[in-house]
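Peer 1: Quick one, structure for this:
(chains A, B, C and D)
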Protein chains: 2
Amino acid sequence: MAPGSTRPTSRDVAQAAGVSQAAVSLVLGDKWRGRVSQATAERVREAARDLGYRPNLAARNLRLGRTRTVLLVVPALTTEFFAGVYTGAARVAADHGFGVVLYPSPEGIGPARDPFASAQAALDGVIASSMAADALTAIRGDQLPLVMLDSDPKGSLGAATVNLDITDGVRQVAEHLLGLGHRHFLHLAADVASWTFEVRAHELAARVGAVPDTSVRTTRAPISIEGALTAAEAALSAPGPRPTALVCDDDKLAAGAYKAARRLGLRIPDDISVTGLDDLALATALDPELTTVRLDAELFGERGMEALLAVLEGRVPDAGDIPVHLVVRGSTAPPGAP
Amino acid sequence: MAPGSTRPTSRDVAQAAGVSQAAVSLVLGDKWRGRVSQATAERVREAARDLGYRPNLAARNLRLGRTRTVLLVVPALTTEFFAGVYTGAARVAADHGFGVVLYPSPEGIGPARDPFASAQAALDGVIASSMAADALTAIRGDQLPLVMLDSDPKGSLGAATVNLDITDGVRQVAEHLLGLGHRHFLHLAADVASWTFEVRAHELAARVGAVPDTSVRTTRAPISIEGALTAAEAALSAPGPRPTALVCDDDKLAAGAYKAARRLGLRIPDDISVTGLDDLALATALDPELTTVRLDAELFGERGMEALLAVLEGRVPDAGDIPVHLVVRGSTAPPGAP
DNA sequence: CGCCGGAAGTTTTACGTATAACGTCCGCTC
DNA sequence: GAGCGGACGTTATACGTAAAACTTCCGGCG
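Peer 2: Residues are numbered from 1 along each chain as shown, chains lettered A, B, ... in the order given. Sure, this is the predicted structure:
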């Protein structure tokens, strides 16, 4: 341990090894071939180990003008989904010597408009999902390389985008239900102004609308079990013909829908079919298990990080949406089954 | 925008405002009273705004020798619980001008042994939960101020600890079930080597053991719905008297237990009572809703951050565990109810 | 009138690192 | 025996910021 309680620097290591600070930097930076003898290099490494030397990252970042750190902005940590996104992104990042810093939804966390106030780390780039336009322009203003996840390619100010093929997922749901014979749909939509949810509504209406004698009603709810329960209960007890299929914008909403159905004495799937979107653990915890669309969150994170690395290296990121798959379980059946 | 594509520095601002770099630093650092005239200060601020100046954090961190950034290590992001911990910690941190960086569970993310490889930001301190001893000593070796969440006060090498009063939570569960008349318990335990889970097993055995003619069997499962399903199904179909109460180490395990009960044709709570621990959204998505112990994750995060700030300022952190509360719902009832 | 003190700045320095530019020694070649 | 190049280093510098130390000007006081 150092005599003062301050952390050892490369100069301390140099002194201990009897060489100059530059030599230490060369050895530890693995750039010493032909510049420092094998024996000296070993002495330096030993001194560094003895002193417990760790390079000062602030100094390194300042010197190099980059940080090998990337910010991942997510709307919330409350679902496994973004945990998966993080996992994938962090894996790819680690392979390239990068680190990932998370910035969860600003709601209620303070100076919401500034991601950098929270993650005070200096950054090389940003991966953002579902970000509001003003925050987006703020980041763009910083000239930071940016990749947007699941957002409107037209509205992202020229930033690279990586999208799940949600449109195709909704298409699969619609075809599945139409194929079972359903004609009257209730759409339990997330009450969030975000492109990814607008796409769901649009595609559902388009697919169902292409078939004669069908109808789609829509009701909005905040993304929580309680909120979905309230909205779904109201919509299902409204006058008029009862829908036979309830399409939910995500699995949490579907969980609320289950509770609404129970309260109203409706059996799933006999009286009403229900679908979700995400395939969270929640989906198989429900009874009956939920028919839903599986999103590969980790792959999503990997692709996002790869795109950012491409931008950082001046390459053009791969285009192409990430495929998603319908998982049929017990919550869907033909209408009017026994 | 600057002529070169490089970001403007305080020197650029100085030049634009016709003052020295030092003046810029004083003004923007809000230390200019009596050192710079009101008019000049305004000119500097305007120039900074025009150029879109943002201080280089690496340089600032290097100069100040601190980063106002703190690392929060969590075992996983897959539950709302740690999202809540983060939210609370970040709120307190923001109030003190600090940022929080998350380091989720290393499993499968690469060089697992080194939190600092992932979050390459320089750090002022660390808040860690459920951390293995070797990683702990690594951090301690770095002399970084450390606060441990939910870990054995005796095993934390002198680091400050902040704990939920899990012992009391388990006590409440045990008293509740004993009060209902249950005598034969099955403990569905998390298959994780962590102090916080050991406490659960110990306290349950102690409370139930204090009553005559009782029994507690234990079965272990990984913390996932599937794992819990398998373990619970096996344990419940084992020979011998069937337990009437199933105490689960957390809500996810309880969700698996629900599925096991359904498979075996056991009705909850009529044939068997089930309890969880956490009070996730999952708890109310289940049917019947789960009797569980509510943990105030946000408060936990807040207290953790406050403790770390205390350590950083050389104060002694508040002691005292955070109280938890049993929430009784539909999954528990007297044994042998109709 | 001499001098003090405050306002309004500027000059200078240090933080720890990475690396370009510069020495020095020695063995070899021509 | 002059010179050259490789091995093995060292010295010096820059990154952008914060702040201590210094300068200059000027009004007021004894």
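Peer 1: Low-confidence stretches in the stretch 1-150 of chain A?
Peer 2: Residues of the stretch 1-150 of chain A that meet the criterion pLDDT under 70 lie in A:1-5, A:69-84, A:96-97, A:99-101, A:103-124, A:130-144.
Peer 1: got the residue ranges for the strands in it?
Peer 2: Assigned by DSSP state E, counting those that start in this stretch, the stretch 1-150 of chain A shows strands spanning A:69-73, A:99-103, A:125-129, A:146-149.
Peer 1: try the stretch 201-338 of chain A
Peer 2: Per DSSP E, counting those that start in this stretch, the stretch 201-338 of chain A carries strands over the ranges A:215-221, A:245-248, A:273-275, A:292-294, A:325-327.
Peer 1: Same list, those, but as TSV with mean neighbour count please.
Peer 2: Every residue, glycine included, has its C-beta placed from N, CA and C. Output for the strands of the stretch 201-338 of chain A, formatted as TSV (neighbours: other Cβ atoms under 10 Å in any protein chain shown):
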stretch	mean neighbour count
strand A:215-221	17
strand A:245-248	28
strand A:273-275	28
strand A:292-294	23
strand A:325-327	17
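Peer 1: Quick check: closest non-adjacent residue to A:Pro317.
Peer 2: Once flanking residues are discounted, A:Pro317 sits nearest to A:Ala307: 3.7 Å by Cβ to Cβ, 6 or more residues apart in numbering or on different chains.
Peer 1: so which of the strands of the stretch 201-338 of chain A gets nearest A:Thr167?
Peer 2: strand A:292-294 (11.1 Å; Cβ to Cβ).
Peer 1: I'd like to know the average pLDDT value across the closest one.
Peer 2: For strand A:292-294, mean pLDDT rounds to 97.
Peer 1: elements contacting that strand?
Peer 2: Here strand A:292-294 touches helix A:166-180, strand A:325-327, going by 3 or more Cβ pairs under 8 Å, 6 or more residues apart in numbering or on different chains; DSSP states H and E.
Peer 1: Could I get the ones you listed in CSV, plus columns for distance to DNA strand D and mean pLDDT?
Peer 2: Formatted as CSV, the helices and strands packed on strand A:292-294 follow (distance: least, Cβ to the nearest atom of the strand, whole Å; pLDDT from 0 to 100):
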stretch, distance to DNA strand D, mean pLDDT
helix A:166-180, 41, 97
strand A:325-327, 48, 98
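Peer 1: Could you export these to CSV, including columns for distance to B:Leu264?
Peer 2: Output for those, formatted as CSV (distance: least, Cβ to Cβ, whole Å):
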stretch, distance to B:Leu264
helix A:166-180, 30
strand A:325-327, 25
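Peer 1: among the ones you listed, which is the most enclosed?
Peer 2: Comparing those by mean neighbour count (mean count of other Cβ atoms under 10 Å in any protein chain shown), helix A:166-180 ranks first with a mean of 20.
Peer 1: centre of the chain versus that helix, how much separation?
Peer 2: Relative to its parent chain, helix A:166-180 has a centroid offset of 23 Å by Cα atoms, centre = their mean, to the nearest Å.
Peer 1: report the angle between the axes of that helix and strand A:215-221?
Peer 2: Angle of helix A:166-180 versus strand A:215-221, following axes from the mean of the first three to the mean of the last three Cα atoms, to 10 degrees, is 130 degrees.
Peer 1: Check which helices and strands helix A:166-180 sits against.
Peer 2: Secondary elements touching helix A:166-180 (3+ Cβ pairs under 8 Å, 6+ apart): helix A:195-209, strand A:245-248, strand A:273-275, strand A:292-294, strand A:325-327.
Peer 1: Tabulate the ones you listed in TSV, adding columns for distance to B:Ala254.
Peer 2: Output for the helices and strands packed on helix A:166-180, formatted as TSV (distance: least, Cβ to Cβ, whole Å):
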stretch	distance to B:Ala254
helix A:195-209	31
strand A:245-248	24
strand A:273-275	22
strand A:292-294	21
strand A:325-327	23
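Peer 1: between these, which one is nearest to DNA strand C?
Peer 2: helix A:195-209 (40.7 Å; Cβ to the nearest atom of the strand).
Peer 1: what's next to the closest one, contact-wise?
Peer 2: With Cβ atoms under 8 Å, 6 or more residues apart in numbering or on different chains as the test, helix A:195-209 has contacts from A:130, A:150-152, A:155, A:166-167, A:170-171, A:173-175, A:178, A:185, A:187, A:189-190, A:214-216, A:218, A:247, A:249, A:277.
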